[in-house]
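Novice: for reference, the sequence and a predicted model appear below.
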Amino acid sequence: MRESYRDKRNRQARINREKEDNRFANRRKENRRKTADRRETDRRISNKDVNSDRRTYDRRNNLDRRQEERRIEYDRRDDNGDAEYDDIVAGRNAVLELLKSDKDINKIFIENGEKHGSINEIIARAKEEKVVLVEVDKNKLDSMAENHQGVVAIVPPFNYCEIEDILNYAKEKEEDPFIVILDGIEDPHNLGSIIRTSEIAGVHGVIIPKRRNVQVNATVAKVSAGATSYMKVARVNNINETIKKLKDYGLWVIGTDGNSEQTYYNQDLKGPLAIIIGSEGNGMSKLVKENSDILIKIPMKGKVNSLNASVAAGVVIFEALKQRS
């Protein structure tokens, strides 16, 4: 039976609708696929950003933690008197002389409150030299040093010199070398006093051993009233080897011994000279005594049979100064 024109049109319309429905279905399917792909991409990007943010957070957190650790360490060092710099100088005279000597100073702690006397000169010189000034309470200074007189300077470790530096210094001044050797001085007050006396008397340098002898520290610097800023101090491994070396340079080495028959004022103390001062209780060691060229004594008539090491040093050093003047 021949298809009518109407049926043919209906069939064609139905086919077109089916094609359109299929295209629409395919389009929706493609859109769903694209949407799914886009969501997956967004999810991956989101996870990447989260991981990136987490890494950034971790880096920042680690940085903050390291900064906090450094701050805590700095505060700990600061509370201990700037342990990084290993050394302090306390007391008004000592700090003032330190400023005058142009030596390196990290910072100066000043007790807060009203300022009187030489502390104002210290502040003025520190500002002139562009040294950092920090005002703190008295408890802070008490934890750093005793008898600080309201001021403490933080400095690098003491700069010891070589024996040749002392001899060259004497040569520059066109003077016969005048050296003080210390054998077993354990009291920092004695060492500070001896350095102070030596500096005043024109001694070119002080020699101390690395062992069995106090080293130059804050107490020594304070007792010396700042003389450690000017006096050359050599630290040696072996006193006896140093004595032999000084003899090779032409110096007379004179030891102080209470059992000697020769008094200090009857001994010639002119020319190239090194004077040995023994420890507070035992005097010079046996080998050092044997290596000395001459032994001298300070006569004593009292019931106490020994002098403080710094007093004994002062007596002999100023006798040498009198003879050499």
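Specialist: Great, that's in hand.

Novice: now residue 222: closest residue in space, sequence neighbours ignored.
Specialist: Closest residue to residue 222 apart from its sequence neighbours, by Cβ to Cβ, 6 or more residues apart in numbering: residue 91 at 4.1 Å. Every residue, glycine included, has its C-beta placed from N, CA and C.

Novice: isn't that neighbour up against residue 147?
Specialist: Yes. Residue 91 lies in contact with residue 147 (Cβ atoms under 8 Å); the separation is 6.7 Å.

Novice: centre of the chain to stretch 106-126, how far?
Specialist: Stretch 106-126 sits 21 Å away from the centroid of its parent chain (Cα atoms, centre = their mean, to the nearest Å).

Novice: circling back to that earlier point, could you check which of residue 91 and residue 147 is surrounded by more residues?
Specialist: Counted by other Cβ atoms under 10 Å, residue 91 and residue 147 do not tie: residue 91 has more neighbours, with 26 against 10.

Novice: tell me the buried residues in stretch 214-222?
Specialist: The neighbour-count criterion (16 or more other Cβ atoms under 10 Å) identifies 214-222 as the buried residues of stretch 214-222.

Novice: still on that earlier bit, anything in contact with each of residue 91 and residue 147?
Specialist: Shared contacts of residue 91 and residue 147 (Cβ atoms under 8 Å, 6 or more residues apart in numbering): residue 222.

Novice: now do the helices in the stretch 51-200 of the chain.
Specialist: Using DSSP state H, counting those that start in this stretch, the helices of the stretch 51-200 of the chain run over residues 92-100, 118-128, 138-144, 163-172, 188-200.

Novice: residue 27: which of these is closest?
Specialist: Residue 27 sits nearest to helix 138-144 of all those, at 79.9 Å, using Cβ to Cβ.

Novice: helices or strands up against the closest one?
Specialist: If you count contacts as 3 or more Cβ pairs under 8 Å, 6 or more residues apart in numbering; DSSP states H and E, helix 138-144 packs onto strand 87-90, strand 107-111, strand 151-155.

Novice: if you set the cut-off to 10 Å instead, what comes out?
Specialist: Applying 3 or more Cβ pairs under 10 Å, 6 or more residues apart in numbering; DSSP states H and E, one finds that helix 138-144 contacts helix 5-79, strand 87-90, strand 107-111, strand 132-136, strand 151-155.

Novice: name the residues of that helix that are buried.
Specialist: Residues 140-141, 144 are the ones in helix 138-144 that count as buried (16+ other Cβ under 10 Å).

Novice: closest one of those to residue 39?
Specialist: Lowest distance from residue 39 to those (Cβ to Cβ) belongs to residue 140, with 62.7 Å.

Novice: now that closest one. Nearest residue, chain neighbours left out?
Specialist: Distances taken as Cβ to Cβ, 6+ apart place residue 109 nearest to residue 140, at 6.9 Å, with adjacent residues excluded.

Novice: next one: residue 106
Specialist: Once flanking residues are discounted, residue 106 sits nearest to residue 154: 4.3 Å by Cβ to Cβ, 6+ apart.

Novice: pull the number of nearby residues for the one you found.
Specialist: Neighbour number of residue 154 under other Cβ under 10 Å is 24.

Novice: starting at the chain centroid, how far to stretch 289-297?
Specialist: Taking Cα atoms, centre = their mean, the mean C-alpha location of stretch 289-297 is offset from the chain mean by 38 Å.

Novice: can you list contacts of that stretch?
Specialist: 181, 183, 239-244, 247, 251-269, 273-276, 278, 283-285, 312, 316, 319 (Cβ atoms under 10 Å, 6 or more residues apart in numbering).
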